[in-house]
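Asker: Build me a model:
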Amino acid sequence: MYDFAKRPLWILSHVLVVIGVLAMIRLGFWQMSRWHSEQAALDGIEAGLDAEPVALGDLLGELGDPAEPGDVDDSAK
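Answerer: Below is the predicted model:
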């Protein structure tokens with residue numbers, strides 16, 4: 001009765017459909033993972049925007065004396 005189900009083309013087509021469905025499920029999980037990563041990055045940016053401002057001197061610390069024109073060797077060798 002189900003002789004058509006034993007044909008190689010019928011079997012191959014169903015195997016390909018199953019592989020396609022599994023690939024689509026995997027891609028869906030991959031997209032969810034990317035979305036969660038993007039949300040985490042956006043949450044970090046948002047937290048930085050909501051934070052109190054910090055003085056530039058506190059961020060840079062002690063830089064020392066500025067460089068003089070003679071401090072750098074710019075001769076080509």
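
Asker: quick one, helices of the chain?
Answerer: In the chain, the helices defined using DSSP state H lie at 8-50, 56-60.

Asker: Point out the other helices and strands that the first one packs with.
Answerer: It refers to helix 8-50. Based on contacts counted as 3 or more Cβ pairs under 8 Å, 6 or more residues apart in numbering; DSSP states H and E, there is no element that helix 8-50 packs against. Yep, even glycine has a C-beta here, placed from its N, CA and C like the rest.

Asker: and that helix, what's its mean pLDDT?
Answerer: Helix 8-50 comes out with an average pLDDT of 96.

Asker: distance between that helix and the chain's centre?
Answerer: 13 Å (Cα atoms, centre = their mean, to the nearest Å).

Asker: Same question for the shortest one.
Answerer: The offset between the C-alpha centroid of helix 56-60 and the centroid of the whole chain comes to 30 Å, using Cα atoms, centre = their mean.

Asker: other SSEs contacting that helix?
Answerer: Using 3+ Cβ pairs under 8 Å, 6+ apart, helix 56-60 is in contact with no helix or strand.

Asker: can you dump the C-alpha coordinates of stretch 4-12 into PDB?
Answerer: Output in PDB follows, covering the C-alpha atoms of stretch 4-12 (Å, rounded to 0.1, in the frame of the first residue of the first chain):
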ATOM      1  CA  PHE A   4       5.700   5.100  -2.900                       C
ATOM      2  CA  ALA A   5       7.400   5.600   0.500                       C
ATOM      3  CA  LYS A   6      10.100   3.200  -0.400                       C
ATOM      4  CA  ARG A   7      11.200   5.200  -3.500                       C
ATOM      5  CA  PRO A   8      14.700   6.800  -3.100                       C
ATOM      6  CA  LEU A   9      13.400  10.200  -4.300                       C
ATOM      7  CA  TRP A  10      10.600  10.200  -1.700                       C
ATOM      8  CA  ILE A  11      13.000   9.200   1.100                       C
ATOM      9  CA  LEU A  12      15.600  11.800   0.000                       C
END
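
Asker: Pull out the buried positions in that stretch.
Answerer: For stretch 4-12, the neighbour count (16 or more other Cβ atoms under 10 Å) marks no residue as buried.
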